[in-house]
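> need coordinates for the below:
(one chain, ligands or ions: 1)
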Amino acid sequence: MPSTAAAESVAPGVRRVRVPMPPGTGLPFSNAYLIADTDGRVHLIDPGSPTAEAREALRTALDGAPVASIVLTHLHADHSGGAADLAAETGAPVLVHERERAALRLIAAGLPAPDLKAWGVPAERHPELLAAAAVPTGPAAQLVDAAITGVLTDGELLDVPGRRLRVVGTPGHTDGHLCLHDEEAGLIFTGDHVLPTINSGLGLGGPTATNPIADYLASLDRVAELDRGTLTALPGHENPFTGLRERCAALAAHHLRRADEVAAHPGGTVWEAARTLTWTGGWDALAGFTLLSALRQTAQHRQFVAQRA
Ligand SMILES: [Zn+2]
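The predicted model follows:
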């Protein structure tokens, strides 16, 4: 069992809790952040997974402190899943970006299965992909949606006495992903938008009206511009880091390289295009959810390439 170490200070008035992830998710922890306000209350960013272990880690870190608000960077269960229980316990409002609540409602209503035939996927791979697509995001989304009590908009300042925390909409990973920028303290909470070493998947928050790759590149520019060289990034996984501007440039370069790879094979189906691309661990290792994610990303990149042409 991962240790539920007490919250550690990462900046004046800001503590980080490593909230254990369920086994099999490939990541050891997500980060919850506790922000103290001048009224002696705590504002929580991303309570983490909807598990007893995660709740215990938060309870230990909070140690009875009154929770004034819960802000979710995005809808994924490893960040938002614990919100409903914590809100019920504390009475704190739960806030997401307005675009994320719209996405949650779409997901909760049920998503259409991916069109595997149109992607050219061989019939023998259909069962594992349909099973992966049916993973119960619906019930999880309903749980989170039911807990939400308010929405946030771009540029809005959070109601945190003694602090100026501004909402920065950063669509890409999900359509309503948000970062929170504290200019005076030189901090930015980046959720899964920018992680120090992991490349976050894109378009993982339900159907979108716009291309997630194009959205993501624009969102990288938005947060890179906030870094004048002294900003500390507080991510949703891994550890706090500096060099946000450089990290954004590396992530943009990764996606533009991938777009060029896709552009070099314009013909054929999504399946055929995906096979020609380089994948961490190799194409043959992809199965189930990772295969579905690879195909979705290839389809998104093809759309992105077609749009920029
Ligand atoms: Zn995520």
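> hey, let's count contacts and neighbours off CA atoms from now on
Fine.
> any idea which helix or strand comes after the worst-scoring helix or strand of the chain on mean pLDDT?
Lowest mean confidence among the helices and strands of the chain (mean pLDDT, DSSP states H and E): helix 137-147, at a mean of 76. Using DSSP states H and E, the helix or strand that follows helix 137-147 in sequence is strand 150-152.
> residues in contact with that next one?
Residues outside strand 150-152 that contact it (CA atoms under 8 Å, 6 or more residues apart in numbering) are P93, V94, L95, V96, H97, E98, R101, V167.
> the helices in the stretch 51-200 of the chain, which residues?
Secondary structure of the stretch 51-200 of the chain by DSSP state H, counting those that start in this stretch: the helices cover 52-62, 77-80, 83-90, 98-108, 126-133, 137-147.
> pick the most deeply packed of those helices.
Each of the helices of the stretch 51-200 of the chain was scored by mean neighbour count; the highest is helix 77-80, a mean of 26, by mean count of other CA atoms under 10 Å.
> so R275 is in which element?
helix 270-276.
> which helices and strands does that helix pack with?
Other helices and strands packing on helix 270-276, by 3 or more CA pairs under 8 Å, 6 or more residues apart in numbering; DSSP states H and E, are helix 288-308.
> again, only using 6 Å
Helix 270-276 is packed against no helix or strand, with contacts defined by 3 or more CA pairs under 6 Å, 6 or more residues apart in numbering; DSSP states H and E.
> buried residues, it. List them.
Of all the residues in helix 270-276, those buried under the rule 16 or more other CA atoms under 10 Å are V270, W271, E272, A273, A274.
> show me what contacts S69?
H43, A92, P93 (CA atoms under 6 Å, 6 or more residues apart in numbering).
> dump the C-alpha coordinates for the helix or strand encompassing the first one into CSV.
H43 is part of strand 42-45 when elements are defined by DSSP H and E. As requested, C-alpha coordinates have been extracted for strand 42-45 and formatted as CSV (Å, rounded to 0.1, in the frame of the first residue of the first chain):
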residue,chain,number,x,y,z
VAL,A,42,-8.5,25.4,2.7
HIS,A,43,-9.3,25.3,-1.0
LEU,A,44,-8.6,22.0,-2.6
ILE,A,45,-7.6,21.4,-6.2
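> which helices and strands sit right next to it?
Under the contact rule (3+ CA pairs under 6 Å, 6+ apart), strand 42-45 is packed against strand 29-36, strand 67-71.
> just put those in CSV and tack on mean pLDDT and distance to S9.
Formatted as CSV, these follow (pLDDT from 0 to 100; distance: least, CA to CA, whole Å):
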stretch, mean pLDDT, distance to S9
strand 29-36, 97, 9
strand 67-71, 98, 18
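> in JSON lines: these, plus distance to R245.
Listed next are these as JSON lines, based on distance: least, CA to CA, whole Å:
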{"stretch": "strand 29-36", "distance to R245": "21"}
{"stretch": "strand 67-71", "distance to R245": "24"}
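> out of these, flag the one nearest G201.
Closest of the helices and strands packed on strand 42-45 to G201 is strand 29-36, at 15.7 Å (criterion: CA to CA).
> just to revisit the earlier point, who does the strand holding H43 pair up with?
The sheet places strand 42-45 alongside strand 29-36 (antiparallel), strand 67-71 (parallel), with pairing taken from DSSP bridges.
> out of those strands, which is closest to A185?
Judging these by CA to CA, what sits closest to A185 is strand 29-36, at 12.0 Å.
> can you give the distance of that closest one from its chain's centre?
Counting by CA atoms, centre = their mean, to the nearest Å, strand 29-36 is centred 14 Å from the centre of its parent chain.
> can I get the CA coordinates of it in CSV?
Taking C-alpha atoms only, strand 29-36 is exported to CSV below (Å, rounded to 0.1, in the frame of the first residue of the first chain):
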residue,chain,number,x,y,z
PHE,A,29,-0.3,9.0,-7.5
SER,A,30,-2.2,12.1,-8.6
ASN,A,31,-1.5,15.4,-6.9
ALA,A,32,-4.1,17.2,-4.8
TYR,A,33,-3.2,20.7,-3.7
LEU,A,34,-4.4,22.4,-0.5
ILE,A,35,-4.4,26.2,-0.6
ALA,A,36,-4.8,28.0,2.7
